[in-house]
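Novice: need a structure here:
(chains A and B)
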Amino acid sequence: RKEVEQDPGPFNVPEGATVAFNCTYSNSASQSFFWYRQDCRKEPKLLMSVYSSGNEDGRFTAQLNRASQYISLLIRDSKLSDSATYLCVVNNQAGTALIFGKGTTLSVSS
Amino acid sequence: NAGVTQTPKFRVLKTGQSMTLLCAQDMNHEYMYWYRQDPGMGLRLIHYSVGEGTTAKGEVPDGYNVSRLKKQNFLLGLESAAPSQTSVYFCASAKDGAAYNEQFFGPGTRLTVL
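Specialist: Residues are numbered from 1 along each chain as shown, chains lettered A, B, ... in the order given. Just a heads-up that it's a prediction; the model follows:
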């Protein structure tokens, strides 16, 4: 099983749609979870951290299910500017580095 | 603050040539990382450093060397470039206890090895 697995997509949705991305991780001892966003030909940037209780930032909601080793990202009311690749990220076993999923590509159209 | 900067932005090498990629950060971060990103492969960790004078291997270290002589700089060296090293290279830094802190990325270096 790969350490961090994501559905690569692409997800093609119209403006205003709600879209959800899922991610699974293999290390049950992982403590830190993030979603990063990467625009085409740009560097990744932190979108949000993922907490056990779930967290929301505007139109974005992240959830963590430790028992199933599953992380999700929900985007409501999609905007054209949400088009990007979304990277699921967890910490490595030693806690010294991050492991990135391959990313899920979202394309929002008008 | 410039954040994380990378030099050069683009480079074309011939097989067997050597080069050094420079990463600099002005945020006084302890942790620094070098990744490569290839289509369909995602970001893969090459080497990282948890402080000045220290380095460690990541997932794909073969063919690369690194040095962290100054806290603000992290150098990635290719001694004898191969076409398989054609990639986009990203440097990143984090404050400390990297697993719990945001990583800040540089803009990337696009390297082509012919």
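Novice: Number of residues surrounding residue 92?
Specialist: You didn't say which chain, so I picked chain A. Around residue A:92 there are 20 other residues, counting by other Cβ atoms under 10 Å in any protein chain shown. Using the backbone N, CA and C atoms, a C-beta is placed for each residue, glycine as well.
Novice: try chain B instead
Specialist: Neighbours of residue B:92 under the rule other Cβ under 10 Å: 27.
Novice: helices or strands next to the stretch of helix or strand it belongs to in the packing?
Specialist: If you go by DSSP states H and E, residue B:92 is part of strand B:87-94. With contacts defined as 3 or more Cβ pairs under 8 Å, 6 or more residues apart in numbering or on different chains; DSSP states H and E, the packing partners of strand B:87-94 are strand B:4-7, strand B:19-25, strand B:31-38, strand B:73-78, strand B:104-105, strand B:109-113.
Novice: now that strand: mean pLDDT?
Specialist: Averaging pLDDT along strand B:87-94 yields 96.
Novice: Give me the pLDDT value at the residue sitting nearest the centre point of chain B.
Specialist: Nearest to the centroid of the C-alpha atoms of chain B, with distances taken as Cα atoms, centre = their mean, sits residue B:34, at 2.7 Å. Looking at residue B:34, its pLDDT is 98.
Novice: so residue B:36 bridges to which residues?
Specialist: Beta-bridge pairing of residue B:36 under DSSP bridges involves residue B:44, residue B:89.
Novice: ok, back up a step: which residues touch the strand holding residue B:92?
Specialist: A:43-44, B:4, B:6, B:21, B:23, B:25, B:27, B:29-38, B:43, B:46, B:74, B:76, B:101-106, B:108-111 (Cβ atoms under 8 Å, 6 or more residues apart in numbering or on different chains).
Novice: of those, buried ones?
Specialist: For the contacts of strand B:87-94, a burial check counting by 16 or more other Cβ atoms under 10 Å in any protein chain shown picks out A:43-44, B:4, B:6, B:21, B:23, B:25, B:29-37, B:43, B:46, B:74, B:76, B:101-106, B:108-109, B:111.
Novice: Against residue B:72, how distant is residue A:18?
Specialist: Going from residue A:18 to residue B:72 by Cβ to Cβ, to the nearest Å gives 43 Å.
Novice: Tell me which of those two has more neighbours.
Specialist: Neighbours were counted for residue A:18 and for residue B:72 using other Cβ under 10 Å; residue B:72 has more, 15 against 11.
Novice: wait, that one sits on residue B:24?
Specialist: Yes. Assessed by Cβ atoms under 8 Å, residue B:72 is found in contact with residue B:24 at 5.7 Å.
Novice: for residue B:101, what are its contacts?
Specialist: Contacts here follow Cβ under 8 Å, 6+ apart; on that basis residue B:101 touches B:31, B:94, B:95.
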